[in-house]
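>>> Okay, predicted coordinates and the sequence, questions at the end:
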Amino acid sequence: MRIVIAGGSGFIGRALAGTILADGAAVAVLTRDPVAAGRRLPAGTRAVVWDGRDPRGAWAGELARADAVINLAGATIGHWPWTPGRRRLIVRSRIEATQALVSAISGLPPADRPASLLNASGTDAYEGLDDEPASEATPLADTFLARLCSAWEAAAAPAEALGVRVVCLRQGVVIGRGAPALRLLALPTRLFAGGPIGGGRQWFSWVDLADLVGLYRLALTDTSLHGALNATAPEPLQQADLARTVGRVLHRPARLPTPSLPVRLVLGGMATLVLGSRRVVPTRALAAGYVFVRPSLEAALRAAL
């Protein structure tokens, strides 16, 4: 098996590459800086230079006869502040990279096209739709991040018409040793300032890194899967419960509340990352028989911290 990962030098891409290599597959990572990426990637990974805006680059040949392309490319949403320029970059970096991949695939002879395109997306697609747990059949929300997820998935969809199976993995917050979001999540509690934020009623959907990798492997191997796949643990919880769980794992108090107003004043539109509510369940993964390694947040945090 041969797998190509676009934007694969980050936290998730490195974990995926390592697991796929251990499975005996060949892995090529498309990256803007192959020298720097080569120092971070697992041994045995080929780092290939690419420009995510140009489907005619030499990198396009890497897609020929690949078993799957995994698209993780996109500027981080965790960079503060969300200026208008930063918002445009967040959107453009995802849409242009995905369009470039699909365009490169379309330029290949049909027999040489990859069998599958696994495209990252996010649980932000369901932001605020938390009266009931959101499954893949739940209509999407209408917020900046939800529209971003919708546009990102729409950019990948034309590959289906080219004979390529498309799966869009709507990822929750990733919990794992060294995860960037986890460092930020745990910091206030480490400093004895942990507690519920913004009332604590908003829902938090997450996934352990081992399970996120497992869900990508499921999407690689289960050819019955098409379209959206919620890549979250089966047990979302509310933010107050999240704070208590982090405190329990770190042996710190977690009772200091933070009102919404100062969070919004400091973070602006980016405050949705901590104040927004996402109550998501992995309906299709469970129906496909996936067994979660760490379905409990406390177990995931203990393994990561």
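Sure, I can see it.

>>> ok, which stretches of the protein are strands?
When secondary structure is read from DSSP state E, the chain shows strands at 2-6, 26-31, 46-49, 68-71, 116-122, 165-171, 173-175, 203-204, 206-208, 227-231, 237-238.

>>> what's the closest of the ones you listed to Arg264?
Of all those, strand 203-204 sits nearest to Arg264, with 18.1 Å by CB to CB. C-beta here means a position set from N, CA and C on the backbone, and glycine is covered the same way.

>>> so Ser296 touches Glu235, yeah?
Yes - applying CB atoms under 8 Å as the test, Ser296 and Glu235 come out as touching, 6.5 Å apart.

>>> residues near Gly200, how many?
Using other CB atoms under 10 Å, Gly200 has 16 other residues around it.

>>> Using PDB, list the CA coordinates for the longest helix along the chain.
Ranked by residue count and defined by DSSP state H, the top helix of the chain is helix 84-106. The C-alpha coordinates for helix 84-106 follow below in PDB (Å, rounded to 0.1, in the frame of the first residue of the first chain):
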ATOM      1  CA  PRO A  84      -9.600  39.600   8.700                       C
ATOM      2  CA  GLY A  85      -6.300  38.600   7.000                       C
ATOM      3  CA  ARG A  86      -5.900  35.600   9.300                       C
ATOM      4  CA  ARG A  87      -9.500  34.500   8.600                       C
ATOM      5  CA  ARG A  88      -8.800  34.600   4.900                       C
ATOM      6  CA  LEU A  89      -5.700  32.600   5.300                       C
ATOM      7  CA  ILE A  90      -7.500  30.000   7.400                       C
ATOM      8  CA  VAL A  91     -10.000  29.500   4.600                       C
ATOM      9  CA  ARG A  92      -7.800  29.900   1.600                       C
ATOM     10  CA  SER A  93      -5.100  27.500   2.900                       C
ATOM     11  CA  ARG A  94      -7.600  24.700   3.100                       C
ATOM     12  CA  ILE A  95      -9.700  25.400   0.000                       C
ATOM     13  CA  GLU A  96      -6.800  26.000  -2.300                       C
ATOM     14  CA  ALA A  97      -4.800  23.000  -1.100                       C
ATOM     15  CA  THR A  98      -7.900  20.700  -1.500                       C
ATOM     16  CA  GLN A  99      -8.700  22.100  -4.900                       C
ATOM     17  CA  ALA A 100      -5.100  21.600  -6.000                       C
ATOM     18  CA  LEU A 101      -5.200  18.000  -4.900                       C
ATOM     19  CA  VAL A 102      -8.500  17.300  -6.800                       C
ATOM     20  CA  SER A 103      -7.200  19.100  -9.900                       C
ATOM     21  CA  ALA A 104      -4.000  17.100  -9.800                       C
ATOM     22  CA  ILE A 105      -6.000  13.900  -9.500                       C
ATOM     23  CA  SER A 106      -8.200  14.900 -12.500                       C
END
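
>>> got the contact list for that helix?
Residues from elsewhere that reach helix 84-106 (CB atoms under 8 Å, 6 or more residues apart in numbering): 6-7, 51-56, 59-60, 63, 69, 71, 73-75, 77, 79, 82, 113-114, 117, 119, 144, 148, 151-152, 155-156, 158-159, 162, 164, 269.

>>> Of those residues, keep whichever come out buried.
Buried by 16 or more other CB atoms under 10 Å: 6-7, 52, 55, 59-60, 63, 69, 71, 73-75, 77, 82, 113-114, 117, 119, 144, 148, 152, 155-156, 158-159, 162, 164, 269, out of those.

>>> Now intersect the residues you listed with the helices, please.
Those of the buried ones among the contacts of helix 84-106 lying in helices (DSSP H): Phe144, Leu148, Trp152, Ala155, Ala156.

>>> which one of the residues you listed sits closest to Leu225?
Nearest to Leu225 out of those is Ala156 (CB to CB; 13.9 Å).

>>> so how far is Ala146 from the closest one?
16 Å (CB to CB, to the nearest Å).

>>> what does Arg40 give?
For Arg40 relative to Ala146 (CB to CB), the value is 31 Å.

>>> Which of those two has more residues huddled nearby?
Taking neighbours as other CB under 10 Å, Arg40 and Ala146 compare with Ala146 leading, 22 against 16.

>>> Can you give me every residue that contacts the more buried one?
Asp124, Ala125, Tyr126, Glu127, Leu140.

>>> what would those look like in JSON lines with neighbour count and pLDDT?
Formatted as JSON lines, these follow (neighbours: other CB atoms under 10 Å; pLDDT from 0 to 100):
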{"residue": "Asp124", "neighbour count": "27", "pLDDT": "97"}
{"residue": "Ala125", "neighbour count": "28", "pLDDT": "98"}
{"residue": "Tyr126", "neighbour count": "29", "pLDDT": "98"}
{"residue": "Glu127", "neighbour count": "25", "pLDDT": "97"}
{"residue": "Leu140", "neighbour count": "18", "pLDDT": "97"}
